[in-house]
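Sharing a model prediction with you, sequence too.
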Number of protein chains: 2
Amino acid sequence: MSTVAEPSFLYENLAGDLVRLVAKGTLKPGDRLPSVRQLSHQRNVSVSTVIQAYLLLENRGVVETRPQSGHYVRIPREPAAPEPRAPRASCQATRVTVSDLVARMYGAMRDPNIVPLGAGSLSPLLLPTESLNRRMAAVARAAGGAGVRYDPPPGHLGLRRQIAKRAAGFDVALRPDDIVTTVGAMEALHVSLRAVASAGDTVAVESPAYYGLLQLIEGLGMRAVEIPTNAGTGMDLDLLEAALKVHRVKACLVVTNFSNPTGALMPDDAKRALVQMLAKREIPLIEDDIYGDLYFGEVRPRPARAFDRDGLVLLCSSFSKTLAPGYRVGYVAPGRFQERVERLKFAQTIATPSLPQMAIADFLEHGGYERHLRRLRRSLADQVARVSAAITSRFPQGTRISRPQGGFVLWVELPSNKNALELHSRALAEGISLAPGPIFSAKQRFGSCFRVSCGFPWSDAIDRSIATVARIAAEI
Amino acid sequence: MSTVAEPSFLYENLAGDLVRLVAKGTLKPGDRLPSVRQLSHQRNVSVSTVIQAYLLLENRGVVETRPQSGHYVRIPREPAAPEPRAPRASCQATRVTVSDLVARMYGAMRDPNIVPLGAGSLSPLLLPTESLNRRMAAVARAAGGAGVRYDPPPGHLGLRRQIAKRAAGFDVALRPDDIVTTVGAMEALHVSLRAVASAGDTVAVESPAYYGLLQLIEGLGMRAVEIPTNAGTGMDLDLLEAALKVHRVKACLVVTNFSNPTGALMPDDAKRALVQMLAKREIPLIEDDIYGDLYFGEVRPRPARAFDRDGLVLLCSSFSKTLAPGYRVGYVAPGRFQERVERLKFAQTIATPSLPQMAIADFLEHGGYERHLRRLRRSLADQVARVSAAITSRFPQGTRISRPQGGFVLWVELPSNKNALELHSRALAEGISLAPGPIFSAKQRFGSCFRVSCGFPWSDAIDRSIATVARIAAEI
């Protein structure tokens, strides 16, 4: 159903051929695949095309690489590093207090000498930095008064038009006037939460959840009820339904596509069920879709908003994970809460900065945004596969690791006797940042988990850092 | 004590000479001054220099212009248009609800055909639009990764250095690390309020107060206790002290220099007294100093922060009233609340946009900001004088008008039988926006007042609009 057309690439065709051979049984689990050089020769494609195809298949769990040996069709079995487990359900809403932990982590990450495995944003090396900044320069030179004037809510019309046009490509029907531009997705989430809930109210969130969302809830004096979230398919809807019976939940906040930190992708059926479950109770769903464009598969996953018939889904997103975090341009399509969101946005920051909106609108219209996204998705799939392989091969027996189908973070669960906060402190002492599990929970669960970012090009330094973290993990 | 050095201009010298002649008694109240042409001839200066000198003296209340007659030394008396009265004290804290009124007003102001006498921001014609946008272009071209990366709280160091340097010029000692950059002053005020108070708490504000501040308090579920504010010297400190005895005030929010809408300027003694009164009770003062650079007199007025010894004054400001509202760059010096403010800022919008901060830092360092401010102050003094004269000469007997010594708004009080909301509606029907009094009060007082902006170059169209509003005011 996606209309974001995708030309296919040589390596994708090659990977597709290999998958078909496995499906037909021509290639069997455990079979050794041709070496990179052989296959390049056989198929008359470049060596790098074969490497990319093998990485893609490795990432999709079709192929495995055995060190010093070669590529094999993966044997279906309990893999060396299974996925982390969802937490147990809990029936208590919690006053949120993760800020101290997060502040400590960020303090450390300011240091440019630290290897930022804990970072939540992409390296500028993966972003179209030069071409976007050039567009900003051109837009600024031509803007005149429009560059310095307020562009009050709903925000820059040209940008809202581009956002509406793209949304149609993943089955979300929006008019430009259905969109309010914001200072990044964080402001979108902030005004959305304030539009539907007040201090003291309870909000259902994933567990683990992005600490920024927990801080937001904490700052607004709201309570979080944590719904166990599976690293594969996202929030457990049975447990959500159970929680809705116990708590007076005023809103539900979910990262539906490639959630942070688990990488979970809710299937369409689950999204539809979530929307319907909440609509039956008139509970607004605040959907954070910042990673939706970073899918590794064939099709851009739909947001839950695509299944909304009641105006109850507030769809939030931004360009911070795909173009430029520092431009601080995001948006919300607030459904039936449009007016309230516009007023709250006005009261919080009056307007979103004009020139960054204009530059991004221009880039979306003329800058090759889709082309950039294709490149970026390939890079991220590759990096996730490499970091994942490095962790799988080096970490202690019993370590579990997520297998995200998009985004750029991995969620790692150490054997249960290992403490991730200790790992975090000791890694930091050796110049490596990690995001320790407890910051992803209002209850400070996930004491043996941590998040690793793959948002930077693979390098020997990263390889060495992972080896260092693995050594510390073995020691503690 | 100001170290923002000011070269003097010919018309200022001329005005100074005339003031000395009045002070010595050579010129007496009621004396007719030489005509513009005569004085230009006598002093060997241009006609426009004399006009500027007379406007300046008119604005300072030394000279008055009698239509068809000429300029006279003002006779000290109850002037034709005295200053609006401060409201009576009230002992109730109020849940704030001005958003509906404000939304209605803003809806109308989107229309470019409306004469924006109600606007709160300056015309781009008065701002260094081209040169600032050019700097943005140059900065964007050279920025590389720094342009697209987050610059998390406290924000861009180069900008914080420039802000600290300027603050020293008006007796506020700040290190760059004492400053947190924000998305305009609104975000600065927002995080400041959240840092020191919670939903349900009571905040003391001026009355009348800028509606954006009232909306902020409303949005945070706090209560406002309105302290009557004199259009000359600002908040009535005796009444504030009385209110502090009755209410558990958690913060006090004041625009100390050229408050909006009254234009009030608190004298240094009052600022010192305010700071001491609050410090005695450990109540934080959130000071909004966005108009401080727009003084018409000789010296940049100090903020109350200059008198703070306890880290209890959170000084907020921005470049929205002097450079570019649409760049959305402001800041707060949060005193002892630094850490809390940094965290709230992070949770709200993660970071202030990078390139706008870099462009403004560059403009402050190399762009002739002080030169621009001198020009801007002259323009605003001129425009305020002209709009003020037009209102004084045309509005019904009994109309009162503020005499601001800086900023660009006038506060007008109609005779008490006139309704400003009706004036507002009828003016809007004739294509003219005004800011009606009730939006400046949580209690929707000031039913016979309105605010007029002088933030655009004087023109025949504005002259005609004021005539139209005067006619409507006479009719209602």
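Now that the structure is in, tell me what you want to look at.

Angles on the backbone of residue A:220, please.
phi -90, psi 0 (degrees, to the nearest 10).

Now for it, how many residues are close by?
Applying other C-beta atoms under 10 Å in any protein chain shown, we find 22 residues neighbouring residue A:220. Any C-beta I mention is one placed from the backbone N, CA and C, and that applies to glycine too.

where does chain A have low pLDDT?
Flagging of chain A using pLDDT under 70 yields the residue ranges A:1-9, A:59-60, A:67-68, A:76-81, A:89-99, A:104, A:106-110.

Break it into its domains for me.
Following automatic domain parsing, chain A resolves into domains at A:10-73, A:95-125+A:371-475, A:128-368.

winner for burial among the ones you listed?
Stretch with highest mean neighbour count among those: domain A:128-368 (a mean of 22; mean count of other C-beta atoms under 10 Å in any protein chain shown).

thinking residue A:14 is in contact with residue A:44, fair?
No. Counting by C-beta atoms under 8 Å, residue A:44 is not a contact partner of residue A:14; they are 10.8 Å apart.

rewinding a little: a markdown table for the domains of chain A, including distance to residue B:219?
Converted to a markdown table, the domains of chain A look like this (distance: least, C-beta to C-beta, whole Å):
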| stretch | distance to residue B:219 |
| --- | --- |
| domain A:10-73 | 45 |
| domain A:95-125+A:371-475 | 20 |
| domain A:128-368 | 5 |
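
and the stretch 351-476 of chain A, which of its residues are near chain B?
Neighbours of chain B within the stretch 351-476 of chain A, by C-beta under 8 Å from any C-beta of the partner chain: A:351-356, A:359.

and the helix with the most length in chain A, what does it pack onto?
Identified as the longest helix of chain A according to DSSP state H is helix A:369-394. If contacts are counted by 3 or more C-beta pairs under 8 Å, 6 or more residues apart in numbering or on different chains; DSSP states H and E, helix A:369-394 sits against helix A:47-59, strand A:400-401, strand A:409-413, helix A:460-475.

Can you name the residue of the stretch 351-476 of chain A nearest chain B?
residue A:354 (3.6 Å; C-beta to the nearest C-beta).

can you give me phi and psi for that residue?
According to degrees, to the nearest 10, residue A:354 has phi -70, psi -50.

ok, for it, nearest residue in space, not its chain neighbours?
Spatial nearest neighbour of residue A:354, chain neighbours left out: residue B:326 (3.6 Å); criterion: C-beta to C-beta, 6 or more residues apart in numbering or on different chains.

What of residue A:360?
residue A:329 (5.1 Å).

Which residues are in contact with that neighbour?
A:159, A:181-184, A:318-320, A:352-353, A:356-357, A:360 (C-beta atoms under 8 Å, 6 or more residues apart in numbering or on different chains).

and the angle for the longest helix of chain A with helix A:460-475?
Orientation of helix A:369-394 against helix A:460-475 (axes from the mean of the first three to the mean of the last three C-alpha atoms, to 10 degrees) gives an angle of 40 degrees.

Need the three-state assignment for residue A:86.
coil (DSSP: H, G, I helix; E, B strand; the rest coil).

Name the residues of the stretch 201-350 of chain A found near chain B, please.
A:212, A:215-216, A:218-219, A:221, A:323-328, A:339, A:343-344, A:346-350.

rerun that using 7 Å as the cut-off
When proximity is defined as C-beta under 7 Å from any C-beta of the partner chain, the stretch 201-350 of chain A approaches chain B at A:212, A:215-216, A:219, A:221, A:324-328, A:343-344, A:347-350.

Helices of the stretch 201-350 of chain A, start to end?
Using DSSP state H, counting those that start in this stretch, the helices of the stretch 201-350 of chain A run over residues A:211-219, A:237-246, A:268-280, A:338-349.

What segments of the stretch 151-300 of chain A are strands?
Taking DSSP state E, counting those that start in this stretch, the strands of the stretch 151-300 of chain A run over residues A:180-182, A:202-207, A:223-230, A:234-235, A:249-254, A:285-288.

Turn those strands into a markdown table, columns for distance to residue B:155.
Output for the strands of the stretch 151-300 of chain A, formatted as a markdown table (distance: least, C-beta to C-beta, whole Å):
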| stretch | distance to residue B:155 |
| --- | --- |
| strand A:180-182 | 18 |
| strand A:202-207 | 28 |
| strand A:223-230 | 28 |
| strand A:234-235 | 35 |
| strand A:249-254 | 27 |
| strand A:285-288 | 24 |
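
Show me the one of those strands that comes nearest residue B:302.
Of all the strands of the stretch 151-300 of chain A, it is strand A:180-182 that lies closest to residue B:302, at 35.7 Å by C-beta to C-beta.

Neighbouring strands - and their directions - for that closest one?
Using DSSP bridges, the strands paired with strand A:180-182 are strand A:330-333 (antiparallel).

can you give me the offset of the strand it pairs with from its chain's centre?
Its chain's C-alpha centre and that of strand A:330-333 lie 16 Å apart, by C-alpha atoms, centre = their mean, to the nearest Å.

Return the closest of the residues of the stretch 351-476 of chain A next to chain B with respect to residue B:446.
The closest of these, once distances to residue B:446 are taken by C-beta to C-beta, is residue A:351, at 26.2 Å.

residues in contact with that closest one?
A:150-152, B:326, B:328 (C-beta atoms under 7 Å, 6 or more residues apart in numbering or on different chains).

my guess is it is in a helix, correct?
No. Using three-state DSSP, the secondary structure at residue A:351 is coil, not a helix.
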